[in-house]
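# Fold the following, please.
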Amino acid sequence: PNLKNQGVVMCRKTNAEINPLAMLGRCCLGLIVFSMLGSCAGKSDKVVTEDTVKSVRPDTIIATQIGKEVSFDEMMADLNRHQIIFVGEQHTNASHHSIQLKIIQASFKSNHDLVVGMEMFDRSYQEVLDQWSAAVLDEHAFLRKTHWYANWRYDFALYRDILLFIQQNRIKLVGLNIPFYIPGRIRVGGIENLSVSDKRYLPKEIDTSIAEHQNYAKTVFDQHNFSSHTTFDDFYMVQCVWDEVMAESIAADLGNKKVIALMGNGHIQYKYGVPDRTFRRTSAPFRTVYLAPAGAPVDLAIADFIWITTAK
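Numbering: from 1, shown residues only. The predicted structure is shown next:
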């Protein structure tokens with residue numbers, strides 16, 4: 001269990017120091033998206049903002065700091081002014097990966113010096129990822145060399161178009177994650193009992209003091225029936241290690257380049273996961289794009305942009 005794709009969301013104020021429009025959005029906290037059936041137009045979404053109810057359709061993008069709908073081009077104009085773009089996902093939602101690709105394509109059109117970082121690969125595979133970007137591997141070899149179905153396991157078809165665009169345009173691909181076996185070892189044995197060889201993959205800094213992040217993790221922990229082998233402290237350490245490693249990976253490859261980071265929604269929500277931890281290391285301006293499927297509760301403080309999507 002982890003912080004990805006959980007349904008419980010708590011309110012958090014937007015960081016005005018990072019997002020100068022934040023003060024405009026605080027009166028609009030409480031966006032909730034419910035799926036509903038329209039009488040003749042098929043599926044739509046009902047959006048509740050305080051006492052105002054209006055119907056919007058999938059593919060609606062909301063700029064949360066101003067609480068208004070914006071076009072894709074308007075969103076991209078804002079994203080292009082920031083060095084790092086965090087784009088969330090529900091891993092099995094094909095529409096989310098199509099949106100991620102659309103953002104990558106638009107960003108690449110404006111800036112060819114682009115890096116795409118992905119949660120789906122851990123840092124030990126960077127040599128293989130470089131080979132993919134250089135187009136010296138075909139898909140079959142890539143899947144075998146990255147041990148895709150032993151590590152990430154989700155259907156590769158969900159990510160194929162993104163990775164093909166990266167390869168065809170020789171975009172640098174960066175693995176953001178820690179080796180996938182390490183979180184489980186921390187969860188059942190504690191970080192202090194990792195071997196010396198495992199500890200070399202840990203981030204140099206691990207902040208476990210963020211109260212809102214910890215409170216959210218506690219709600220997730222309490223929803224699961226863990227065995228006595230897992231304590232909350234170890235569970236929470238896993239979440240912090242996970243987020244800190246991805247933040248460290250982004251910072252290491254940043255330089256003057258534009259970075260688009262793809263990861264589960266839970267790692268970017270309210271920015272207390274990877275985004276704020278990246279900012280702590282880089283002070284680089286960033287934006288977050290949260291992909292909210294119909295039927296999922298969400299509020300305006302969760303990200304800079306909320307893109308309402310189909311449920312699958």
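
# Every contact and neighbour count from this point should use C-alpha atoms.
Will do.

# quick one, what contacts D233?
By CA atoms under 8 Å, 6 or more residues apart in numbering, no residues touch D233.

# and the next element down the chain from the host helix or strand of it?
Assigning secondary structure by DSSP states H and E places D233 in helix 232-252. Scanning forward in sequence from helix 232-252 by DSSP H and E, the next helix or strand is strand 258-262.

# got the CA positions of whichever helix or strand comes after that following strand in CSV?
Counting by DSSP H and E, the next helix or strand C-terminal to strand 258-262 is helix 265-268. Taking only C-alpha atoms (Å, rounded to 0.1, in the frame of the first residue of the first chain), the coordinates of helix 265-268 have been written out as CSV:
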residue,chain,number,x,y,z
ASN,A,265,-1.4,11.5,-8.2
GLY,A,266,-0.7,10.8,-4.5
HIS,A,267,2.9,11.9,-5.0
ILE,A,268,2.0,15.4,-6.3
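
# and helix 265-268, what does it pack onto?
Under the contact criterion of 3 or more CA pairs under 8 Å, 6 or more residues apart in numbering; DSSP states H and E, the helices and strands touching helix 265-268 comprise strand 84-87, helix 274-282, strand 286-293.

# ok, and what's touching the longest one?
What it means is helix 274-282. So helix 274-282 is contacted by 86, 243-244, 246-248, 250-251, 267-268, 285-286, 288 (CA under 8 Å, 6+ apart).

# and what of stretch 90-108?
Outside of stretch 90-108, the residues within contact range by CA under 8 Å, 6+ apart are 4-5, 76, 80, 87, 89, 114, 154, 158-159, 161-162, 260, 262, 264-265, 291, 309-312.

# Spell out the secondary structure type for F121.
Using DSSP: H, G, I helix; E, B strand; the rest coil, the secondary structure recorded for F121 is strand.

# Tell me the confidence at it?
Looking at F121, its pLDDT stands at 98.

# Name the nearest residue to it, sequence neighbours excluded.
In space, F121 comes closest to G175 once its chain neighbours are excluded; the distance is 4.6 Å by CA to CA, 6 or more residues apart in numbering.

# orientation of the helix or strand encompassing that neighbour relative to helix 232-252 in degrees?
For G175, the host element (DSSP H and E) is strand 172-177. Note on geometry: by axes from the mean of the first three to the mean of the last three CA atoms, to 10 degrees, strand 172-177 and helix 232-252 are set 160 degrees apart in direction.

# Just give me how far strand 172-177 sits from the chain centre.
Between the mean C-alpha location of strand 172-177 and the chain-wide mean there is a distance of 13 Å, by CA atoms, centre = their mean, to the nearest Å.

# quick one: average pLDDT of that strand?
Rounded to a whole number, the mean pLDDT of strand 172-177 is 98.

# ranges for the strands of this structure?
Counting by DSSP state E, the chain has these strands, from start to end: 32-37, 43-49, 52-56, 61-63, 68-70, 84-87, 114-122, 172-177, 258-262, 286-293, 305-309.

# Tell me which of the ones you listed lies nearest to T208.
Closest of the strands of the chain to T208 is strand 172-177, at 18.2 Å (criterion: CA to CA).

# what's that closest one packed up against?
strand 114-122, helix 126-133, helix 232-252.

# Correct me if wrong: the residue nearest to F121 contacts R123.
Yes - because the distance of 4.8 Å satisfies CA atoms under 8 Å, G175 is recorded as touching R123.
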